[in-house]
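K.L.:
When you get a sec, could you give me coordinates for this:
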Amino acid sequence: MSKLTPKALRRIRHQRVRDRVRGTTDRPRLCVFRSLNHIYAQVVDDSKGQTLVSASTLETEVKGELNGKAKSARAELVGTMVAKRALDKGIKQVVFDRGGYNYHGRVKALAEAARQVGLHF
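P.N.:
Predicted structure coming up:
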């Protein structure tokens, strides 16, 4: 019996979510990835295989605003950024892909911030 590594388990968990959540041209997928220190969000049209909008804590325009903030506050900032960029491109509705992460903490903060700006899930 082979034991799966944590990396393999993570890939399986993410793939299961991807099988259930699909983005279309009318309603693209807002996917979230979080690492230990950063959080990334992108709006993807799966039918074309294109990333339409993206935002992360690594961008130079927000690095100055992130100093001294908690990870949840940083996630809120990324959520507002990705929502504003999506609305500027004419995207109003998305399907939320939490990527296998629990809807808690940073993922929840990002989603609620995007909703407050006007993005509909």
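K.L.:
burial count for V21?
P.N.:
16 (other C-beta atoms under 10 Å). The C-beta positions use only the backbone N, C-alpha and C, and glycine is treated the same way.
K.L.:
Please, where are all the helices along the chain?
P.N.:
Along the chain, counting by DSSP state H, helices occupy 6-20, 60-66, 71-88, 106-117.
K.L.:
rank the ones you listed by pLDDT, which is bottom?
P.N.:
Note on the helices of the chain: helix 6-20 shows the lowest mean pLDDT, a mean of 78.
K.L.:
How about it, which residues are buried there?
P.N.:
H14 (16 or more other C-beta atoms under 10 Å).
K.L.:
and the residue most central in space within the chain, what are its bridge partners?
P.N.:
Note on the chain: the residue nearest the mean C-alpha position is V32, at 2.3 Å, using C-alpha atoms, centre = their mean. V32 has these beta-bridge partners by DSSP bridges: A41.
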